[in-house]
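Student: sequence and predicted model, in that order:
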Amino acid sequence: MNKKDGNNKKSGSRPNSSRPSSNKPKAALPKRSQKPKKATPTADGDAAKKTHKPAKTFQNSPKPLKSDDIRLNKYISNSGVCSRRDADIYIQSGNVKVNGEVITEMGYKVKPGDVVNFDGATLVPERKEYILLNKPKNFTTSNEDDADHRNVLELVRAATNAKIQPIGRMDKNTTGLLVFTNDTDMVRKFSLPNQKSFKIYQVTLDKNLKFEDLEKMSNGITLDGHKLYIDEVTYIDNEPKTEIGLKLRTSNVKVVRAIFESFQYNVLKIDRVSFAGLTKKNLPRGNWRFLTEQEIINLKNV
């Protein structure tokens with residue numbers, strides 16, 4: 001299988017930010033004289049010397065931290081053993097040592113060369129990897145042995161030696177975008193029910209979707225006693241009315257299937273065409289690529 005896209009160099013760059021300048025001209029500040037002021041005579045004839053204190057300077061921004069320092073909970077998370085939140089629990093419980101000393105302080109910073117011991121094992125943080133795959137059929141995120149399908153990790157095995165995992169689940173019949181990473185905080189973030197980012201699916205049904213059913217879906221439905229809001233459901237232009245576009249915040253593909261099945265439609269195909277702003281542009285089916293630096297920043301900020 002061709003993985004040439006996986007060798008693409010990261011091309012993301014941070015956007016430059018600048019504060020808007022005011023149109024109102026600023027008044028020029030008077031220059032302070034460098035000559036000493038003359039003494040002013042007092043009532044008793046003595047010259048009183050005025051002492052001038054140096055002007056106070058105020059620092060609005062905090063003192064920058066060394067770029068190589070890293071918070072202890074993030075260091076642990078970067079090692080892939082658990083999330084930052086779980087790391088905080090281990091730290092408070094006294095199960096973390098730095099250079100042989102038990103650390104229970106929240107916000108403790110690890111310096112280069114420090115040896116961190118987590119629950120009896122020395123940690124070596126991994127470089128964070130983020131990979132986007134356009135998943136084909138007959139591959140699944142399940143670890144169950146089945147002769148009819150293979151695991152998606154086979155498709156990205158050549159990308160990295162890091163212990164990556166997919167964000168969310170996909171069955172063998174679902175195709176489209178799937179993100180892999182060893183960033184446990186990001187995996188957890190996109191597993192939460194209150195998602196902010198959008199996912200767009202193209203769904204193929206066994207029969208035409210009735211307009212009245214489309215209208216009902218757009219107003220939201222109830223699944224397993226929970227109200228589900230659908231951001232957008234539409235017919236796809238120049239396609240049969242069996243081809244439907246669905247925009248949701250959840251990354252759970254099972255929900256997509258359940259929506260249409262609740263209206264007595266059988267789902268033949270599901271293709272995720274967009275994931276949190278990422279698209280399949282220049283990414284053929286079965287190929288992968290590394291995310292750019294800007295794309296990683298975007299995922300962390302949604």
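Tutor: Now that the structure is in, tell me what you want to look at.
Student: how about stretch 184-193: buried residues?
Tutor: With burial defined by 16 or more other CB atoms under 10 Å, the residues of stretch 184-193 counted as buried are 184-190. Every C-beta, even on glycine, is put in place using the N, C-alpha and C of the backbone.
Student: can you check stretch 106-117 too?
Tutor: Under the neighbour-count rule (16+ other CB under 10 Å), stretch 106-117 has 109-110, 116-117 buried.
Student: before we move on, what about stretch 195-208?
Tutor: 195, 197-205.
Student: could you do stretch 259-273 as well?
Tutor: In stretch 259-273, counting by 16+ other CB under 10 Å, buried: 259-260, 265, 267, 269-273.
Student: also stretch 226-244?
Tutor: In stretch 226-244, counting by 16+ other CB under 10 Å, buried: 228, 230, 233, 235, 242-244.
Student: phi, psi of residue 182?
Tutor: Torsion angles at residue 182 (phi, psi; degrees, to the nearest 10) stand at phi -110, psi 10.
Student: now do residue 90
Tutor: phi -60, psi -40.
Student: and it, what does it touch?
Tutor: 76, 82, 96, 118-119 (CB atoms under 8 Å, 6 or more residues apart in numbering).
Student: that one and residue 230, how far apart?
Tutor: Going from residue 90 to residue 230 by CB to CB, to the nearest Å gives 40 Å.
Student: with residue 116 instead?
Tutor: Distance from residue 116 to residue 230, by CB to CB: 45 Å.
Student: over to residue 131?
Tutor: 29 Å.
Student: same check, this time on residue 269
Tutor: Taking CB to CB, one finds residue 269 at 19 Å from residue 230.
Student: pLDDT weak spots in the stretch 1-150 of the chain?
Tutor: 1-68, 144-148 (pLDDT under 70).
Student: where do the strands sit along it?
Tutor: Ranges of strands in the stretch 1-150 of the chain, per DSSP state E, counting those that start in this stretch, are 40-41, 47-48, 70-71, 96-98, 101-102, 109-110, 116-118, 121-122, 130-135, 139-140, 150-151.
Student: repeat for the stretch 201-302 of the chain
Tutor: 221-223, 226-228, 232-235, 243-248, 267-275, 278-279, 288-290.
Student: compare those and give me the one nearest residue 157.
Tutor: strand 288-290 (10.2 Å; CB to CB).
Student: give the buried residues for that closest one.
Tutor: Buried residues in strand 288-290 (16+ other CB under 10 Å): 288-290.
Student: burial count for residue 252?
Tutor: Residues lying near residue 252 (other CB atoms under 10 Å) number 15.
Student: how near is it to residue 217?
Tutor: With CB to CB as the criterion, residue 252 and residue 217 are 17 Å apart.
Student: and for stretch 118-129, what's in contact with it?
Tutor: 75-76, 78-81, 90, 95-96, 115-117, 159-160, 162-164, 180-183, 290.
Student: repeat for stretch 213-220
Tutor: Under CB under 8 Å, 6+ apart, the answer for stretch 213-220 is 227-230, 232-235, 244, 259, 263, 265.
Student: farthest-separated two in these?
Tutor: Maximum distance among these (CB to CB): 24.2 Å, for 227 and 235.
Student: one step back: I'd like the strands of the stretch 201-302 of the chain written out as JSON lines, with mean pLDDT added.
Tutor: Shown next, in JSON lines, are these (pLDDT from 0 to 100):
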{"stretch": "strand 221-223", "mean pLDDT": "88"}
{"stretch": "strand 226-228", "mean pLDDT": "86"}
{"stretch": "strand 232-235", "mean pLDDT": "95"}
{"stretch": "strand 243-248", "mean pLDDT": "96"}
{"stretch": "strand 267-275", "mean pLDDT": "96"}
{"stretch": "strand 278-279", "mean pLDDT": "96"}
{"stretch": "strand 288-290", "mean pLDDT": "97"}
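Student: want to try TSV for the ones you listed, with distance to residue 138 as columns?
Tutor: Putting the strands of the stretch 201-302 of the chain into TSV (distance: least, CB to CB, whole Å) gives the following:
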stretch	distance to residue 138
strand 221-223	28
strand 226-228	29
strand 232-235	28
strand 243-248	22
strand 267-275	13
strand 278-279	23
strand 288-290	17
